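Chemist: how would this look folded up:
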Amino acid sequence: MSETALILLPLLVLLLVLGYWLSHRAEHRQLKASKQADTEIVQRCLDLLQALQRHRGLGAQLDADSVAQRNALAQQLDELWLNWPGASLLLPPLQQHWPQLRRKPADFDAHCRLIEALLEVIELLEDRLYRQDHFRIRGLGEACRSLEDLARLRGLATRAANYERCPPGLQMQLRFLCNRLLDQEQDPPLLALIERLQSDLIEPAQVRLTPAECFALLTPLIEQRLQGIRLSLD
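Modeler: Residues are numbered from 1 along each chain as shown. Okay, the predicted model is just below:
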């Protein structure tokens with residue numbers, strides 16, 4: 001081997017090692033940035049879930065305080081949907097459904113459809129982050145769906161409370177949700193809440209709860225559980 005080759009060989013090895021290191025570093029930075037972006041959008045999804053569920057729960061209420069709360073939530077949702085990174089993160093463009101829903105706050109089914117689409121995005125992000133070794137993310141989708149059962153119960157209860165007696169259609173849906181929640185767990189606060197709904201809203205000959213009382217009854221437990229979901233991700 002010539003003297004020139006002996007000089008160039010270590011330099012070539014050094015360049016190869018440096019190239020590998022730079023490539024690995026760039027890949028690590030890209031992965032970290034992708035993970036950070038997904039984590040941030042998960043938090044935004046939870047903010048959206050909370051606001052949409054509350055907006056739905058207030059949708060059928062006509063008193064001044066509820067209307068003011070709903071309008072404030074609508075403004076909050078306007079901000080949350082702004083710059084929704086759907087295309088950049090390969091997520092569906094959910095924000096396109098919000099303007100019509102904003103104009104029809106009492107549309108319960110439209111709220112449910114948008115929330116279902118949001119839950120699917122949360123599950124997609126859960127899988128993506130889990131593959132990036134964010135192991136604490138596992139169970140996020142399931143927890144959010146359980147939360148949605150409770151929030152849907154709130155939305156239906158506030159509607160049922162507008163009647164003298166719970167209408168048969170709402171009664172059937174409320175019973176179904178109560179039974180499903182009880183099948184999932186036997187948490188004392190949840191048991192007490194469902195017993196109150198059954199005795200004062202779902203089963204009696206005359207409803208004994210107002211829409212605002214139903215909303216106030218269920219909201220603390222929903223907020224507590226959402227906070228638990230957020231803390232589990234830290």
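
Chemist: phi, psi of Tyr163?
Modeler: Tyr163 adopts backbone torsions of phi -110, psi 160, taken as degrees, to the nearest 10.

Chemist: How many residues are close by the nearest residue to it once chain neighbours are set aside?
Modeler: The shortest distance from Tyr163 to any non-neighbouring residue, by Cβ to Cβ, 6 or more residues apart in numbering, is to Val207 (6.3 Å). The way it works is simple: take the backbone N, C-alpha and C, and place the C-beta from them, glycine included. Residues lying near Val207 (other Cβ atoms under 10 Å) number 19.

Chemist: got a list of what Val207 touches?
Modeler: If a contact means Cβ atoms under 8 Å, 6 or more residues apart in numbering, then Val207 has 160-161, 163-166, 200-201 as its contacts.

Chemist: How about the secondary structure of it?
Modeler: Secondary structure, DSSP: H, G, I helix; E, B strand; the rest coil: Val207 is coil.

Chemist: Quick check on it: phi, psi?
Modeler: phi -60, psi 130.

Chemist: May I see the buried residues of whichever strand or helix holds Asn179?
Modeler: For Asn179, the host element (DSSP states H and E) is helix 168-184. Judged by neighbour count using 16 or more other Cβ atoms under 10 Å, the buried positions of helix 168-184 are 170-171, 173-174, 177-178, 181.

Chemist: Over to stretch 110-126?
Modeler: Of the residues in stretch 110-126, those buried (16+ other Cβ under 10 Å) are 110-112, 114-115, 118-119, 121-122, 124-126.

Chemist: so where's this structure uncertain?
Modeler: By pLDDT under 70, the low-scoring segments of the chain are 1-38.

Chemist: and with 80 instead?
Modeler: 1-38, 86-88, 234 (pLDDT under 80).

Chemist: In it, what residue spans correspond to helices?
Modeler: In order along the chain, the chain carries the following helices (DSSP state H): 3-57, 64-81, 98-103, 108-131, 140-160, 168-184, 188-197, 211-233.

Chemist: so the last one versus helix 64-81, what angle?
Modeler: It stands for helix 211-233. 30 degrees (axes from the mean of the first three to the mean of the last three Cα atoms, to 10 degrees).

Chemist: roughly how far is helix 211-233 from the heart of the chain?
Modeler: On the basis of Cα atoms, centre = their mean, to the nearest Å, helix 211-233 sits 12 Å off its chain's mean C-alpha point.
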